[in-house]
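**Student:** Below are the sequence and a predicted model for it; my questions follow.
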Amino acid sequence: MIPARSSQYSQVQIQTATKGKLIVLLYQGAIRFMRKAILAMERRDMEAKGDCLIRAQDIVLELLYAIDQQMLDSGNELARNLQRLYLYSYRRLVEANIRIDPKAVEEVIGLMGNLLEAWEQVVAGEPQSAAASTGGQSLALTG
């Protein structure tokens, strides 16, 4: 695909996705940027490394903000665990960026990869309308 069409396709995909699918897309994007950051570290391209890690950090923050605040306020354990995991992942990515540490990035890729698999199963197992209304709540994210 040429870049302009690829960008248009991505925009349509995002605009028509269920909330569960949007979470999957966020995980996929974060992992993609982290992998690019590792490659940039290997090439000693510090500008690309920084750009990719900042984009991955931004996505992790979006995932953090997507957690249902009411569930956090009520002490829901799943919501709190997700919050802790996202905050930990964010800190590790910041450290990786400062220390040029590909192992820290790989660690976060592993964490996000596990969550991605879980979300893919949730999204695949629900009809389109149900994924938008119940998928988010069942995994402590806003719906």
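**Tutor:** Thanks, I have the structure now.

**Student:** contacts and neighbour counts: CA atoms only from here.
**Tutor:** OK.

**Student:** distance of the residue nearest in space to the middle of the chain from Lys21?
**Tutor:** Nearest residue to the geometric centre of the chain (Cα atoms, centre = their mean): Tyr27, 3.0 Å. Distance of Tyr27 to Lys21, given as Cα to Cα, to the nearest Å: 10 Å.

**Student:** Could you do Asp73 as well?
**Tutor:** With Cα to Cα as the criterion, Asp73 and Lys21 are 25 Å apart.

**Student:** Compare the two (neighbour count), which wins?
**Tutor:** Ranked by neighbour count (other Cα atoms under 10 Å), Asp73 and Lys21 place Lys21 first, with 23 against 10.

**Student:** Could you report the neighbour count for the spatially closest residue to the more buried one that is not a sequence neighbour?
**Tutor:** Distances taken as Cα to Cα, 6 or more residues apart in numbering place Val123 nearest to Lys21, at 6.4 Å, with adjacent residues excluded. Neighbourhood size, Val123 [other Cα under 10 Å]: 23.

**Student:** State the helix or strand in which Val123 lies.
**Tutor:** If you go by DSSP states H and E, Val123 is part of helix 102-124.

**Student:** cool, Gly75 as well?
**Tutor:** Assigned by DSSP H and E, Gly75 falls outside every helix and strand.

**Student:** Ok, the one 3 residues further on next?
**Tutor:** With the criterion set as DSSP H and E, the secondary-structure element containing Leu78 is helix 77-99.
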